[in-house]
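Trainee: sequence and predicted structure are below.
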Amino acid sequence: MLTLPQYTVVVPAAGIGKRMQADRPKQYLSIAGKTILEHTVENLYRHPQICQVIVVLSPQDPYFSHLDIARVHWLTRVDGGQERANSVLAGLEYLHKEQWVLVHDAARPCFCQEDVTRLLALAQQGTRGGILASRARDTMKRANIQQQITHTECRANLWHALTPQFFPLAELRDALSRALAQGVDITDEASAIEWAGGAVQLIEGKANNIKVTQPEDLMLAEFYLTHKDMP
C-alpha cells in the first residue's frame with residue numbers, strides 16, 4: 001500500500017482578536033455543539049495526510065484546557081505572542097524534523113479536504129510553496145481615508161488569500177524571523193515569503209472557506225459545517 005506523505009499544521013490562536021459582541025475570543029464561540037477551534041482542528045486532523053496539529057495560544061488562555069481536544073494525542077499546545085507572525089514563529093520553532101509545514105487560521109473551520117490535498121501536492125512538485133485562494137468576484141473599489149471611492153480596481157488578477165498556507169519549514173521560519181527583526185508588517189505567511197523574495201503559488205480553493213470575523217459569519221459557518229456533502 002502506498003504511504004502518503006504526512007504533514008504538521010500550525011494553528012495560531014493566541015490573539016484575542018475581535019470578540020464579536022461575546023464574552024470570549026471568537027475561536028471559542030460554539031457552532032453546532034462545538035467551538036470554532038474544535039471544528040477547525042478536527043477537520044484538519046481528518047485529512048489523511050495531516051498527522052499533527054500545533055495550536056499556538058496565549059499563555060494566559062483560560063478556555064482551551066476545558067475542551068476535549070486539549071487531551072488528544074495528535075494535538076500539542078505551544079505558547080505564542082501578541083501578533084499572528086510571532087505565534088506562527090513560535091509554532092515553527094517547536095518543530096525540528098519536518099521539511100514542510102501548513103499554517104491555518106483558527107477561525108476557518110469550513111475548508112474542503114480536496115482543496116488541502118491539491119495544496120499538499122506542491123511538496124511533490126518542487127520547492128515552491130503556496131496558499132489556498134479564491135478569485136475576487138465582486139467589483140473592487142479603492143477608497144481614501146474618508147471612505148470615498150478613488151477608483152475601481154481591475155479584478156482580473158485579484159485573489160482573496162485563504163488558509164491553509166503551505167511552505168518549506170526552513171524557508172518560512174527564516175523569512176518570518178528576518179521580517180519580524182526588521183519590523184516588517186506581516187499579514188500572513190505568504191507575505192513573509194514574498195518579502196524575502198520567494199515565489200508563492202496560488203491554489204484555487206472553494207469560497208466556502210470563510211474566516212469567522214463578524215457575528216453573521218457564525219450562521220454561514222454553521223450552514224457549511226452541517227451541509228458538508230453539498231457540491
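Mentor: Received, thanks. Because the structure is a prediction, the values reported are computed rather than measured.
Trainee: so what pLDDT did T150 get?
Mentor: pLDDT recorded at T150 is 94.
Trainee: just checking, it touches R142?
Mentor: Yes: with contacts counted by Cβ atoms under 8 Å, T150 reaches R142, the gap being 5.0 Å. All C-beta atoms are positioned from the backbone trio N, CA, C, and that covers glycine.
Trainee: quick one: terminal-to-terminal distance for stretch 42-49?
Mentor: 13 Å (Cα to Cα, to the nearest Å).
Trainee: part of a helix, is E171?
Mentor: Yes: E171: assigned to a helix according to DSSP: H, G, I helix; E, B strand; the rest coil.
Trainee: quick one, what contacts it?
Mentor: G129, I193, A196, G198 (Cβ atoms under 8 Å, 6 or more residues apart in numbering).
Trainee: looking at those residues, spot the one nearest Q182.
Mentor: Nearest to Q182 out of those is A196 (Cβ to Cβ; 10.6 Å).
Trainee: that closest one: neighbour count?
Mentor: 16 (other Cβ atoms under 10 Å).
Trainee: need the nearest residue in space to it, chain neighbours excluded.
Mentor: Nearest non-adjacent residue to A196, counting by Cβ to Cβ, 6 or more residues apart in numbering: A175, 3.9 Å away.
Trainee: is it true that that neighbour touches D188?
Mentor: No: applying Cβ under 8 Å as the test, A175 and D188 come out as separate, 11.6 Å apart.
Trainee: for the protein, what spans make up the helices?
Mentor: Along the chain, the stretches classed as helices by DSSP state H are 36-45, 84-94, 113-120, 122-125, 169-181, 189-195, 215-226.
Trainee: looking at those, spot the one closest to E204.
Mentor: Of all the helices of the chain, helix 113-120 comes closest under Cβ to Cβ, at 8.2 Å.
Trainee: give the other helices and strands that the closest one contacts.
Mentor: strand 100-103, strand 129-135, strand 159-168, strand 200-204 (3 or more Cβ pairs under 8 Å, 6 or more residues apart in numbering; DSSP states H and E).
Trainee: who touches the longest one?
Mentor: What that stands for is strand 159-168. Contacts of strand 159-168 (Cβ under 8 Å, 6+ apart): 7, 9, 44, 99-105, 108, 111, 116, 119-120, 122-123, 127, 129-136, 188-190, 193, 202, 205, 207, 209, 211.
Trainee: ok, now which ones touch the spatially most central residue of the chain?
Mentor: Closest to where the C-alpha atoms of the chain average out (Cα atoms, centre = their mean) is H104, at 2.2 Å. By Cβ under 8 Å, 6+ apart, the contact set of H104 is V9, V10, V11, T40, L44, F111, T163, P164, Q165.
Trainee: and for the fifth one, the neighbour number?
Mentor: Meaning L44. Count around L44 with other Cβ under 10 Å applied: 25.
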